[in-house]
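Visitor: no sequence on this one, just coordinates:
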């Protein structure tokens, strides 16, 4: 599902990624761990087409994503990728349902279809009774589950999660661990997680370690 080949990335004179190579199989849950400043988030952003490397290649689901023009890359990102961040990034003026619907509407889905899928996901996540609540009316765990639903509303092939448990308490972290496994089993997702959370990483199929801008084998 993911094949990263010889990725280099510098910011000014600071070389953050120094020839990174690895692959992730379909339906695999992989955690990327490493100290702060090791290049974890930069690598995730490159895989997610949110940033570009100085050199190297990224293949996702058979597509050379770095060769796409801006319009095609935006379409690929909307259809094929889902993102979950440490801080949920929900839009405060919209309800849980409306937040989940956004990527589907941006992708051209009919309003009724987007709403139906959002409600289905809310039910799957046990949040159907929070459908009309705005983010300020939700707990931290509920916000993150809504953010997960938003990430998968377009049925992406790959879910990218950047420190998804970082702002959660221990109970909600544990529930998130279980949720990722459920998402893989239910929707056939490949999940790539950047995390400092050793418990979350231990639930993955595999852990990749990055140190000083290279994969630590």
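Guide: Looks like it arrived, so ask away. The structure displayed is predicted, hence computed values, not measured ones. Numbering: from 1, shown residues only.

Visitor: please make it C-alpha for all contacts and neighbour counts, starting now.
Guide: Fine.

Visitor: how about the residue sitting nearest the centre point of the chain, what does it touch?
Guide: For the chain, the residue nearest the mean C-alpha position is residue 160 (2.1 Å; Cα atoms, centre = their mean). Neighbouring residues of residue 160 by Cα atoms under 8 Å, 6 or more residues apart in numbering: 44, 48, 81, 82, 83, 84, 191, 192, 193.

Visitor: which of these are buried, as a ChimeraX select command?
Guide: Per 16 or more other Cα atoms under 10 Å, the buried members of the contacts of residue 160 correspond to this ChimeraX selection:
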select :44,48,81,82,83,84,191,192,193
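
Visitor: same question for the longest helix along the chain, mean pLDDT?
Guide: Using DSSP state H, we find that the single longest helix of the chain is helix 170-187. For helix 170-187, mean pLDDT rounds to 82.

Visitor: I'd like the next helix or strand past it.
Guide: strand 190-194 (DSSP states H and E).

Visitor: does anything pack onto that next one? Which helices or strands?
Guide: Helices and strands touching strand 190-194, by 3 or more Cα pairs under 8 Å, 6 or more residues apart in numbering; DSSP states H and E, are strand 29-33, helix 40-47, strand 158-162, helix 170-187.

Visitor: which one of the ones you listed lies closest to residue 88?
Guide: The closest of the helices and strands packed on strand 190-194 to residue 88 is strand 158-162. By Cα to Cα, the value is 10.5 Å.

Visitor: before we move on, what's the pLDDT of residue 158?
Guide: pLDDT, residue 158: 96.

Visitor: show me the beta-bridge partners of it.
Guide: Beta bridges link residue 158 to residue 81, residue 190, judged by DSSP bridges.

Visitor: pretty sure it contacts residue 191?
Guide: Yes - with contacts counted by Cα atoms under 8 Å, residue 158 reaches residue 191, the gap being 5.9 Å.

Visitor: check which helices and strands the helix or strand where residue 105 lies sits against.
Guide: Taking DSSP H and E as the definition, one finds residue 105 inside helix 96-106. The contact analysis (3+ Cα pairs under 8 Å, 6+ apart) places helix 96-106 against helix 111-124, helix 140-152.

Visitor: fine by me, thanks again.
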